[in-house]
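Trainee: Predicted model follows, preceded by the sequence.
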Amino acid sequence: MTAILLDRQIESSPEPILIPELTWREFKATEQLIDRPGVRLSFLDGVLEIRKMPGKRHETIKGRIGALVEIYLEFLELDFTPTESMTLANESQQVKREADKSYELGPDREHPDLVIEVVVTSGGIDKLEAYKRLNIPEVWFWIGDRLLIYILREGEYTENARSQLLPALDLNLLHRCINIDNHGRSLREFRAGFNPK
């Protein structure tokens, strides 16, 4: 597949392009060839996922969730580092992934403690399997207008009603504020409304 044909296919497809049966070495070589703005690559078990960068809706929700989480972390006076969409890779586990947002909740972490994914399209590699292999303790998915929380316990993710990392976080308030169209109002209502115990 030539670069021009690949660019056309990426641009015209709302769903990710999947290329199976690659070794890690072939993936790394392909990654160098496809290194261009507007394209995000993931890899799991020999499958390369090529996805065009998300649009305004995705980016708006991602930014709002991140802003609300950071208000809460600052209020708790936690030592946190936003690691954003840093590349997470492990050759021995055959995985490479870039989260939409990620956070280290303490100093000198080997990897993020919390990863947040905003899902606006379907298809692609199994993100939970990728994060399990990267040993991420907690993953949040915003799908449609719902927040799903997954906690890594004994090597498997389980869906949970509360965050294990931020157990006092009022998820109803967070959910309501994420869905407010006006970003400034969303942040103000969140600040005014939460009361960690």
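Mentor: Received the coordinates, thanks.

Trainee: Have a look at the chain and report its longest helix.
Mentor: If you go by DSSP state H, the chain has its longest helix at helix 56-75.

Trainee: Give the next helix or strand downstream of that helix.
Mentor: On the C-terminal side of helix 56-75, the nearest following helix or strand under DSSP states H and E is strand 81-82.

Trainee: Could I get the average pLDDT for that following strand?
Mentor: For strand 81-82, mean pLDDT is 95.

Trainee: what about residue 164, distance to residue 122?
Mentor: According to Cβ to Cβ, to the nearest Å, residue 164 stands 27 Å off from residue 122. Bear in mind the C-beta positions are built from the backbone N, C-alpha and C, glycine included.

Trainee: Quick one: neighbours of residue 167, just the number.
Mentor: Residue 167: 9 surrounding residues under other Cβ atoms under 10 Å.

Trainee: list the helices and strands the longest helix of the chain packs on?
Mentor: In terms of contacts (3 or more Cβ pairs under 8 Å, 6 or more residues apart in numbering; DSSP states H and E), helix 56-75 is packed against strand 101-104, strand 114-119, strand 138-143, helix 171-178, helix 183-193.

Trainee: quick one: secondary structure of residue 107?
Mentor: coil (DSSP: H, G, I helix; E, B strand; the rest coil).

Trainee: Without its sequence neighbours, what residue ends up closest to it?
Mentor: Once flanking residues are discounted, residue 107 sits nearest to residue 79: 5.6 Å by Cβ to Cβ, 6 or more residues apart in numbering.

Trainee: Same check on residue 124?
Mentor: residue 16 (4.3 Å).

Trainee: hang on, isn't that neighbour packed against residue 121?
Mentor: Yes: at 7.4 Å, residue 16 counts as touching residue 121 under the criterion of Cβ atoms under 8 Å.

Trainee: Spit out the residues that contact the two alike.
Mentor: Shared contacts of residue 16 and residue 121, defined by Cβ atoms under 8 Å, 6 or more residues apart in numbering, comprise residue 51.

Trainee: Mind checking which of those two has more residues around it?
Mentor: Of the pair residue 16 and residue 121, residue 16 is the one with more neighbours under other Cβ under 10 Å, namely 19 against 14.

Trainee: Now that one, what are its backbone angles?
Mentor: Dihedral angles of residue 16 (phi, psi; degrees, to the nearest 10) stand at phi -70, psi 150.

Trainee: Test for you: state the pLDDT assigned to it.
Mentor: Note on residue 16: pLDDT of 87.

Trainee: what comes up buried for the longest strand seen in the chain?
Mentor: Secondary structure assigned by DSSP state E gives strand 146-153 as the longest strand of the chain. Within strand 146-153, the residues scored as buried using 16 or more other Cβ atoms under 10 Å are 147, 149, 150, 151, 152.

Trainee: now swap in stretch 121-134 and tell me
Mentor: Neighbour counts over stretch 121-134 (16+ other Cβ under 10 Å) mark 124, 125, 127, 128, 130, 131, 132, 133, 134 as buried.
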